[in-house]
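Trainee: 3D model of this:
(chains A and B)
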Amino acid sequence: MRLWDLARTANRNLLRAKLRTFLTVMAIFVGAFTLCMTNGIGDGLRNYVELQVKTFEGDRILFVRKKFPQEMEEQINNTGPVEYKETSVDERGNEIDPNSVMVSLEQIKGLESDLPEVRSITPAFRMSAEYITVGGGKKYTVGLGMLSEGLVQKLEVGEMFDGSNQIILPIHLARAFDENVQNLVGQDATIAYRAGQERDLKTRDLKVVGVATKGMISNTNAFVDADTARSIYDEQNAESPNYNNFQNFTVQLERADDELVGSTKEKLEEKGFVAMGIEDIEKRTYDAIGILQVGLNLFALVALLAASFGIINTLVIAVMERTKEIGLQKALGMGRFRVFLLFALESVLIGFWGAMLGIVSAVGVGTAANAFLSSTYLESFEGFSLFAFKPLALGVVLLLVCVIAFLAGVMPAIRASRLNPIEALRYE
Amino acid sequence: MLETQGLCRTFTSDAIDYEVLKGIEITIKKGESVAIVGKSGSGKSTLMHLLACLDEPTSGSVSFEGRDYSRMSEKQRDRLRNEKFGFVFQQFFLNGRETVYENVVLPMRIRGASEKDLKPRALEALESVGLGDKSEKRAKDLSGGEKQRVCIARAIVGDPDVVFADEPTGNLDSKTSRTIEDLLLDLNRENGITVVIVTHDEDLARKCGRTIDLKDGRVRGVEPVPAELFAGREQ
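Mentor: As a prediction, this is how the structure comes out:
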């Protein structure tokens, strides 16, 4: 029998017991629908995170921190007690406290000569601002961040820094100053911050060079260039006991080639640091989402597994009902394999229609839910669609369900193929 | 054409052996019409199943055109049944929900024939059993006699050498039975198809060229005995 004839026959056979087929398809439908939805949530989250994280770039930049004491001891879980270690001195005579996560400025500067092809190392200068205003208008509170040289923030308007005393505003804040954010570029913004022992309020005028695209950090923070950050940091922290000790710093390399990035990471590792590129940080976030997605998908797969028993049941009954028919087909010369294929195809068809229904419904329901949620509960998460459906992912669901259905059909199909024609024809 | 040697078939049920056929030696020549008769339980259906390559003997052999079934692969046996044999059963075994046409073309579909080859052959087969106008009817809507005619059409659509009929008139009234008998024997007379009919209907048996009478698993008599059969044995 030709494959096309077999497929047609399989389809007709399914239509013979419409209700039974429908119910089995519904079970598969529920599983496929759930799988599309759970997978859609994972992809939705990933899209959103991508939108948030991908707002700044810098493939020559490494973010570096000192290893935690736990990591130094290579403890797998960091819940155990950590032994106190005496301070030591590095080759340049800098005192190093292995119990602290802070790195001194001297130590950081010292690294520059140890690492080849480093253009600059910038400590993470922490600052805090009281308010910001443009043109003497309303004052707003603001977080201050620094973008070290080599990091490029995605901008709505304007350019990255080209000197010092410059600032990039977050879009919400910029809109508060002027609906047409383009007008702000080139204007002076005044920021006020506390400095010195007396915590006096000081102000400083910074030129607005750009307005940042929304993202996880750039939603609330304004960014200043490294030089400006350095001088504000100095004013704010000169009296602090932790002055010139930093938790993080960034390393800017001469080039962005993988080999140099890799070898620099290794060198830093040897010296007791952890260095990550932007890609590494993104990957960690994606991995977390990936695990969540797999977890959710497992639930859907359980539903599919349950549904596959429905297929087995349906086909076992079909084989019994059609014993005589199978007997006749075999008597008329239909081979074992063709009989097997006929039932396997019926099984796959049940899976196929269930999956198609599930996919179409999931896309429909997901799209409607996105529209509803983004206008209600998720209104503040601009650009976030809870469900994202990628054609490839949907294709994989379709294929996977068909494979599961096929596997479910194997047992009944083998039973059918092994029927003895004479006994089958005599079957009552 | 069809030949058996020392054909035995034993069925085992609940550890008890039932010897249904005990050494059958028969030869059926091309173009013959043969009735296998005997009381129920005499083994006539079993003999037909063995001749038609639907069953395997416990011992002894069956061959078609000199080819021993036991030396053939399963695929070859499937092909043999599909291409050389046609089957007519007492209970019809039609798919009631399908059209008459679909029922008739089943052997051709199993053979893997293309759609354009199917149509003329199916219509020709239906024409020859007088159902040329019923091809689009559902099989379940036909009368018993018509159903059996569809079965005959299905048996001949693949242009077989032998048609095996297992109690073809067993479920029909006597008037319809005559029609079916005539159709089967016409196949033999006009198309030269070898016909092997299992029956306990004496009228039908008498119309056949030869009767093989089974009793308790052995051939009791062959009438009329063709002279050449004995000539073959003596060699």
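Trainee: so what strands line up beside the host helix or strand of A:Phe223?
Mentor: Using DSSP states H and E, the element containing A:Phe223 is strand A:221-225. Sheet pairing for strand A:221-225, assigned by DSSP bridges, gives strand A:143-147 (parallel), strand A:166-170 (antiparallel).
Trainee: list the buried residues for that strand?
Mentor: Of the residues in strand A:221-225, A:221-225 count as buried by neighbour count, 16 or more other CB atoms under 10 Å in any protein chain shown. Yep, even glycine has a C-beta here, placed from its N, CA and C like the rest.
Trainee: how close does B:Thr12 sit to chain A?
Mentor: Look at B:Thr12 and chain A: by CB to the nearest CB, to the nearest Å, they are 14 Å apart.
Trainee: for A:Arg415, see how far away the residue in the stretch 251-400 of chain A that chain B sits nearest to is.
Mentor: For the stretch 251-400 of chain A and chain B, the shortest gap (CB to the nearest CB) falls at A:Gly333, measuring 2.6 Å. In this view, A:Gly333 and A:Arg415 are 20 Å apart by CB to CB, to the nearest Å.
Trainee: tell me which of the two has more neighbours.
Mentor: Counted by other CB atoms under 10 Å in any protein chain shown, A:Gly333 and A:Arg415 do not tie: A:Gly333 has more neighbours, with 25 against 18.
Trainee: as CSV, the buried residues of strand A:221-225 with pLDDT and distance to A:Lys54 would be great.
Mentor: What follows is the buried residues of strand A:221-225, written out as CSV (pLDDT from 0 to 100; distance: CB to CB, whole Å):
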residue, pLDDT, distance to A:Lys54
A:Asn221, 86, 17
A:Ala222, 91, 20
A:Phe223, 92, 16
A:Val224, 93, 22
A:Asp225, 92, 22
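Trainee: which one of these is nearest to B:Asp166?
Mentor: Closest approach between the buried residues of strand A:221-225 and B:Asp166, by CB to CB: A:Asn221, at 89.3 Å.
Trainee: contact partners for the closest one?
Mentor: A:142-145, A:170 (CB atoms under 8 Å, 6 or more residues apart in numbering or on different chains).
Trainee: sec struct for the residue most central in space within chain B, please.
Mentor: Computing the C-alpha centroid of chain B and ranking residues by CA atoms, centre = their mean puts B:Phe164 first, at 0.5 Å. Judged by DSSP: H, G, I helix; E, B strand; the rest coil, the three-state class of B:Phe164 is strand.
Trainee: count the residues that sit near the closest residue in space to it that isn't next to it in sequence.
Mentor: Counting by CB to CB, 6 or more residues apart in numbering or on different chains, B:Phe164 lies nearest to B:Ala52, which is 4.6 Å off, once chain neighbours are set aside. Neighbourhood size, B:Ala52 [other CB under 10 Å]: 26.
Trainee: again, but for B:Val163
Mentor: B:Val163 has 24 nearby residues by other CB under 10 Å.
Trainee: what's it in contact with, if anything?
Mentor: Each residue near B:Val163 by CB under 8 Å, 6+ apart is listed here: B:85-88, B:152, B:155-156, B:184, B:187, B:193-196.
Trainee: mind listing what's buried in stretch A:320-333?
Mentor: A:322-333.
Trainee: hang on, A:Ser164 packs against A:Asp227?
Mentor: Yes - assessed by CB atoms under 8 Å, A:Ser164 is found in contact with A:Asp227 at 3.8 Å.
Trainee: give me the distance between B:Ala160 and chain A.
Mentor: Not quite, residue B:160 is Pro, not Ala. 11 Å.
Trainee: swap in B:Ala125?
Mentor: Distance from B:Ala125 to chain A, by CB to the nearest CB: 14 Å.
Trainee: which pLDDT value goes with that residue?
Mentor: Note for B:Ala125: predicted pLDDT of 91.
Trainee: element containing it?
Mentor: Applying DSSP H and E, one finds B:Ala125 within helix B:115-128.
Trainee: that helix packs against which elements?
Mentor: With contacts defined as 3 or more CB pairs under 8 Å, 6 or more residues apart in numbering or on different chains; DSSP states H and E, the packing partners of helix B:115-128 are helix B:100-111, helix B:144-156.
Trainee: how far off centre is stretch A:328-344?
Mentor: Centroid separation for stretch A:328-344 versus its chain: 49 Å, with CA atoms, centre = their mean, to the nearest Å.
Trainee: the helix or strand that comes right after the strand holding A:Phe223 vs strand A:221-225, what angle?
Mentor: Of the helices and strands lying after strand A:221-225 in sequence (DSSP H and E), the nearest is helix A:226-237. In terms of direction (axes from the mean of the first three to the mean of the last three CA atoms, to 10 degrees), helix A:226-237 departs from strand A:221-225 by 110 degrees.
Trainee: so which residues on chain B come close to chain A?
Mentor: Residues of chain B lying close to chain A by CB under 8 Å from any CB of the partner chain are B:49, B:52, B:54-55, B:74-75, B:78-83, B:87, B:89, B:91, B:93, B:95, B:97-98, B:106-107, B:109-112, B:114.
Trainee: buried residues of stretch B:196-214, list them for me.
Mentor: For stretch B:196-214, a neighbour-count test (16+ other CB under 10 Å) marks B:196-201, B:204-205, B:207-214 as buried.
Trainee: extract the C-alpha set from it and format it as PDB.
Mentor: The C-alpha trace of stretch B:196-214 is given here as PDB (Å, rounded to 0.1, in the frame of the first residue of the first chain):
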ATOM      1  CA  VAL B 196     -11.600 -23.600  -5.500                       C
ATOM      2  CA  ILE B 197     -14.900 -23.600  -3.500                       C
ATOM      3  CA  VAL B 198     -15.400 -24.900   0.000                       C
ATOM      4  CA  THR B 199     -19.000 -25.800   0.400                       C
ATOM      5  CA  HIS B 200     -21.500 -28.200   1.900                       C
ATOM      6  CA  ASP B 201     -24.100 -27.200  -0.700                       C
ATOM      7  CA  GLU B 202     -24.400 -30.200  -2.900                       C
ATOM      8  CA  ASP B 203     -25.900 -28.300  -5.800                       C
ATOM      9  CA  LEU B 204     -22.900 -26.000  -5.900                       C
ATOM     10  CA  ALA B 205     -20.500 -29.000  -5.600                       C
ATOM     11  CA  ARG B 206     -22.200 -30.700  -8.500                       C
ATOM     12  CA  LYS B 207     -21.700 -27.700 -10.800                       C
ATOM     13  CA  CYS B 208     -18.000 -27.800 -10.200                       C
ATOM     14  CA  GLY B 209     -15.700 -29.800 -12.500                       C
ATOM     15  CA  ARG B 210     -14.500 -31.900  -9.600                       C
ATOM     16  CA  THR B 211     -15.300 -32.600  -6.000                       C
ATOM     17  CA  ILE B 212     -12.800 -33.400  -3.300                       C
ATOM     18  CA  ASP B 213     -14.600 -35.100  -0.500                       C
ATOM     19  CA  LEU B 214     -13.000 -34.900   2.900                       C
END
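Trainee: if I look at the residue of chain B found nearest chain A, how far off is B:Ile193?
Mentor: Taking CB to the nearest CB, chain A has its nearest neighbour within chain B at B:Asn82, 2.6 Å off. Look at B:Asn82 and B:Ile193: by CB to CB, they are 16 Å apart.
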